[in-house]
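Visitor: quick one: sequence and predicted model below, then my questions.
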Amino acid sequence: MMCNLNPQSAIHNPQSYNLAVEVGGIFMKNPVMTASGTFGYGQELASLVDLNRLGGIIVKGLSLKPSAGNPPPRTVETCGGMLNAIGLENPGLEAFVQEKLPFLQTLETPIVLNIYGHETKAYVELAERIQDLEGIAGIEVNISCPNVKAGGIAFGTDPKMAFEVVKAVREKTGLPLIAKLSPNVADIKAIARSVEEAGADAVSLINTITGMAVDVATRRPKLANITGGLSGPAIKPIALRMVWEAAQAVRIPVIGIGGIMDALDALEFLIVGARAVQVGTANFVNPRATLEIVEGLRSYLVKNNITDISNIIGSLRTEQGASPQVEYWSDGFAGKK
Ligand SMILES: Cc1cc2nc3c(=O)[nH]c(=O)nc-3n(C[C@H](O)[C@H](O)[C@H](O)COP(=O)(O)O)c2cc1C
């Protein structure tokens, strides 16, 4: 076998640059995943996006039974983002398996099912049933849901409840398990540590930040639900801070989410310690955002002759002194900053 001793030759062959990552047992060709609820079940975007080029697809949140979600209006555009109160509308696991899964099973991309329930036993039953399905790469547990028995407190806002639900799911599944964390907490490190202790293979964060908007003319809330979840560029600095904190608090991999619109945003998350990223609201603005981010990351590696994306992950420099200058701009690089 020939060894590549000439670093210049890699520059002419973008394929020599490794974008592949492994996150808690999920093997991905690049670190770019779709965020739950913003990419449907994949098929809706198949005419616009080559789904096989994505790192991973996380489908819309699934519950055991179908859910109609909240009444409209359920979304509103805000400065630098959007509020949504979709209320986790979905067809339920059975219809998903019948109608959506067969298409997803034809893809070469890891498929992760995002699940939610209002009681621990609903999460457990979902995990048990998913365990037997073909072609599922992992489960993402959305713990931002209110626990009915605990009086509506979200599982993900209390370290003890977060521990219990993740542990209960862990006991029922051998699939890679990602715990998706809520940002609506005072101490994200404590929640991240509890789900790690409960057996999660990775954490993903952040989900949306609770917010609201008012129509001054009518003095009515703009969302029928009154409050909703804020997403998009407006939340990126908060998300980045929380991902950085979580990455320092746990040994399991962290997936960064929140306001990622282009490859530069994705790089920021990787630099603070995320091993992969999820792209959400950007899909509504530009359905091809995910693939442009993949190409932007590749372009960054090529431009700077960094042969492996893992060299970027957690490379934040906080010490005093000069930093090496790397170029991030090149032709085909997504984003204008
Ligand atoms: C319309 C919409 C629907 C969403 N549905 C879900 C969902 O079903 N499950 C979930 O865990 N997160 C859901 N999210 C949260 C996103 O997956 C993501 O965590 C959040 O939007 C932050 O990322 P972003 O700023 O890139 O959108 C939803 C977000 C939006 C905007």
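Guide: Sure thing, it's come through.
Visitor: only C-alpha atoms from now on, for both contacts and neighbour counts.
Guide: Noted.
Visitor: need the three-state assignment for the spatially most central residue of the chain.
Guide: The centre of the chain sits closest to residue 278, judged by Cα atoms, centre = their mean, with a distance of 3.4 Å. Following DSSP: H, G, I helix; E, B strand; the rest coil, the label given to residue 278 is strand.
Visitor: surely it and residue 30 touch.
Guide: No - with contact defined as Cα atoms under 8 Å, residue 278 does not reach residue 30; the gap is 11.4 Å.
Visitor: hmm, back to that, what's near enough to touch the residue nearest to the centre of the chain?
Guide: Residues in contact with residue 278, defined by Cα atoms under 8 Å, 6 or more residues apart in numbering, are 32-35, 255-258, 260.
Visitor: what is the mean pLDDT for the top helix by length along the chain?
Guide: The residue-count maximum for a helix in the chain (DSSP state H) belongs to helix 289-304. Per-region confidence: helix 289-304 scores 97 on mean pLDDT.
Visitor: distance between it and the chain's centre?
Guide: If you compare the mean C-alpha spot of helix 289-304 with that of the full chain, they lie 18 Å apart, counting by Cα atoms, centre = their mean, to the nearest Å.
Visitor: what of stretch 194-211?
Guide: Relative to the centre of its chain, stretch 194-211 is centred 10 Å away, using Cα atoms, centre = their mean.
Visitor: pLDDT of that stretch, averaged?
Guide: Per-residue confidence for stretch 194-211 averages out to 97 on the pLDDT scale.
Visitor: endpoint to endpoint, it covers what distance?
Guide: Looking at stretch 194-211, the gap from its leading to its trailing residue is 26 Å under the measure Cα to Cα, to the nearest Å.
Visitor: where's residue 107, which helix or strand?
Guide: In this assignment (DSSP states H and E), residue 107 forms part of neither any helix nor any strand.
Visitor: what number of residues lie near it?
Guide: Residue crowding around residue 107 was assessed by other Cα atoms under 10 Å; the count is 16.
Visitor: the closest residue to it other than its chain neighbours in helix, strand or coil?
Guide: Here the nearest residue to residue 107 in space, its sequence neighbours aside, is residue 52; by Cα to Cα, 6 or more residues apart in numbering that works out to 6.2 Å. With three-state DSSP as the basis, the three-state label of residue 52 is helix.
Visitor: from the ligand, how far out is residue 52?
Guide: When distance is defined by Cα to the nearest ligand atom, to the nearest Å, residue 52 is 20 Å away from the ligand.
Visitor: tally of neighbours for that residue?
Guide: Counted with other Cα under 10 Å, the neighbours of residue 52 add up to 15.
Visitor: interface residues of the chain facing the ligand?
Guide: The chain has residues 35-38, 60-61, 84, 88, 142, 206-208, 231-232, 257-260, 279-281 near the ligand, with proximity defined as Cα under 6 Å from any ligand atom.
Visitor: how about the strands in the stretch 151-300 of the chain?
Guide: Using DSSP state E, counting those that start in this stretch, the strands of the stretch 151-300 of the chain run over 177-180, 202-205, 209-212, 214-215, 220-221, 227-231, 254-257, 276-279.
Visitor: what packs against the second one?
Guide: If you count contacts as 3 or more Cα pairs under 8 Å, 6 or more residues apart in numbering; DSSP states H and E, strand 202-205 packs onto strand 177-180, helix 188-197, helix 236-249, strand 254-257.
Visitor: any idea how far the second one is from the chain center?
Guide: I take that to be helix 188-197. Offset of helix 188-197 from its chain centre (Cα atoms, centre = their mean): 17 Å.
Visitor: cool, and the third one?
Guide: Mean C-alpha position of helix 236-249 versus that of the full chain (Cα atoms, centre = their mean) differs by 13 Å.
Visitor: same question for the last one.
Guide: The offset between the C-alpha centroid of strand 254-257 and the centroid of the whole chain comes to 6 Å, using Cα atoms, centre = their mean.
Visitor: surely residue 122 meets residue 64?
Guide: Yes - at 6.8 Å, residue 122 and residue 64 qualify as touching, with contact defined as Cα under 8 Å.
Visitor: how close does the residue in the stretch 51-200 of the chain that the ligand sits nearest to get to residue 114?
Guide: Taking Cα to the nearest ligand atom, the ligand has its nearest neighbour within the stretch 51-200 of the chain at residue 61, 3.6 Å off. Distance check for residue 61 against residue 114: by Cα to Cα, it reads 5 Å.
Visitor: can you give me the buried ones in stretch 134-141?
Guide: Within stretch 134-141, the residues that qualify as buried by neighbour count (16 or more other Cα atoms under 10 Å) are 135-141.
Visitor: from those, which land in strands?
Guide: With strands taken from DSSP state E, the overlap with the buried residues of stretch 134-141 comprises 138-141.
Visitor: still on that earlier bit, what packs against the longest helix of the chain?
Guide: Secondary-structure packing of helix 289-304 (3+ Cα pairs under 8 Å, 6+ apart): helix 7-11, strand 32-34, helix 263-271, helix 282-285.
Visitor: give me whichever of those is most buried.
Guide: Per residue and on average, the most neighbours among these fall to strand 32-34, with a mean of 28 (mean count of other Cα atoms under 10 Å).
Visitor: right, I'll call it a day here.
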